[in-house]
Structure formats: structure tokens, C-alpha cells
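Colleague: here's my sequence, what's the structure:
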Amino acid sequence: MGLWLCCQYFIFRFTFLPSVIRTVILRTFGASVGSGVLIRRGVRVHIPWNLEIGDDCWIGEEVWFINHEKITIGSNVCISQRSIICSGGHDYRSASLEYAHKPVVIKDGAWVCLDAKVLPGVTIGECSVVSAGEIVRKSLPDYSMLVGGQVRQIDPPK
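Modeller: Numbers count the residues shown, from 1 in each chain. Prediction:
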């Protein structure tokens with residue numbers, strides 16, 4: 001873990017580092033990263049071996065994966081700038097705030113827009129959209145959009 005933290009803060013997040021090198025670094029530390037994945041500058045990954053990214057995904061600037069449990073991202077997914085995908089949490093009912101980690105799944109074709117937050121235990125459905133600034137507390141069904149705190153169905157692609 002210490003080696004990963006040093007690598008992340010001194011190499012991985014650098015602006016000039018090409019995306020292909022970021023994917024190689026993540027794979028070296030145990031992440032599963034598909035082909036055609038673009039990882040922009042400033043991305044943070046808490047535990048790389050708990051991260052799985054499918055093919056042809058776009059991970060925007062300053063995205064943060066807080067992945068105490070596995071975060072699984074399908075193919076053709078866009079996670080926009082400054083979004084946080086978090087699989088770690090605490091049980092607020094516990095006096096010692098025991099861990100309450102739950103995995104997160106983002107299915108194929110989903111889009112997590114600018115500055116959105118996805119919380120532990122959530123599944124984002126296939127081709128679903130999380131609008132900018134939203135906080136996802138409950139799973140979204142396939143072909144839906146979270147906007148203004150409300151879930152709306154959207155038409156599947158033709």
C-alpha cells in the first residue's frame with residue numbers, strides 16, 4: 001500500500017503523464033483496466049486492486065475512487081471531472097463508527113456527469129445518466145437519469 005501511495009502522489013497524478021502510462025501503472029498495482037481507456041490528470045485511486053474498468057471508458061480530471069470495496073465500471077462509461085465514486089463508509093449507529101463498506105457497480109454505457117457523487121452499495125444501470133452535481137444514494141435502473149433528485153426513465157438507444 002505504501003508503494004502505491006508514493007507512486008500515486010509522485011508519478012500517477014502528474015499532468016504530463018500520458019493516459020496509457022496511467023493505465024499501465026494501475027494494472028501494475030492490480031487494477032483491471034480494459035483497452036481504449038482514457039484516464040485524465042489528477043485521478044486518485046485509493047486501492048487499485050479494488051478497481052475494475054471495462055473497455056473504451058473515459059475517466060475525467062480529478063475523479064476520485066474511494067474503493068475500500070470493489071468498484072466495477074463497465075465498458076463505454078464516462079465518469080466526468082471531479083466526480084467521486086465511493087465504496088467505503090461507516091455505520092453511523094455504531095458508537096465506534098464501524099466500517100460499512102459496499103461495492104459499487106457502474107454498468108455499460110453509463111455517464112456520471114461533472115462533480116457527481118456515487119455512494120456505497122449503488123448500482124448505476126446500463127446507459128443511465130447521473131446529472132451534474134447529483135448525489136446517488138440508491139441504485140438507478142437501466143435507461144434512467146437522476147436529475148434534480150428525481151429518477152426519470154430515458155429511451156434506450158436505437
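Colleague: alpha carbons only for contacts and neighbour counts from here, please
Modeller: Fine.
Colleague: now the residue located most distally from the centre of the chain: how far from Gly89?
Modeller: No residue in the chain sits farther from the centre than Ala95, which is 29.5 Å out by C-alpha atoms, centre = their mean. Ala95 sits 14 Å away from Gly89, going by C-alpha to C-alpha, to the nearest Å.
Colleague: tell me the spacing between Ile135 and Val151.
Modeller: 12 Å.
Colleague: swap in Val63?
Modeller: According to C-alpha to C-alpha, Val63 and Val151 sit 23 Å apart.
Colleague: give me the more crowded residue out of the two.
Modeller: For Val63 versus Val151, neighbours defined as other C-alpha atoms under 10 Å are more numerous around Val63 (24 against 14).
Colleague: give the buried residues for the lengthiest helix in the chain.
Modeller: Counting by DSSP state H, the longest helix found in the chain is helix 19-28. Within helix 19-28, the residues scored as buried using 16 or more other C-alpha atoms under 10 Å are Ser19, Arg22, Thr23, Ile25, Leu26, Arg27.
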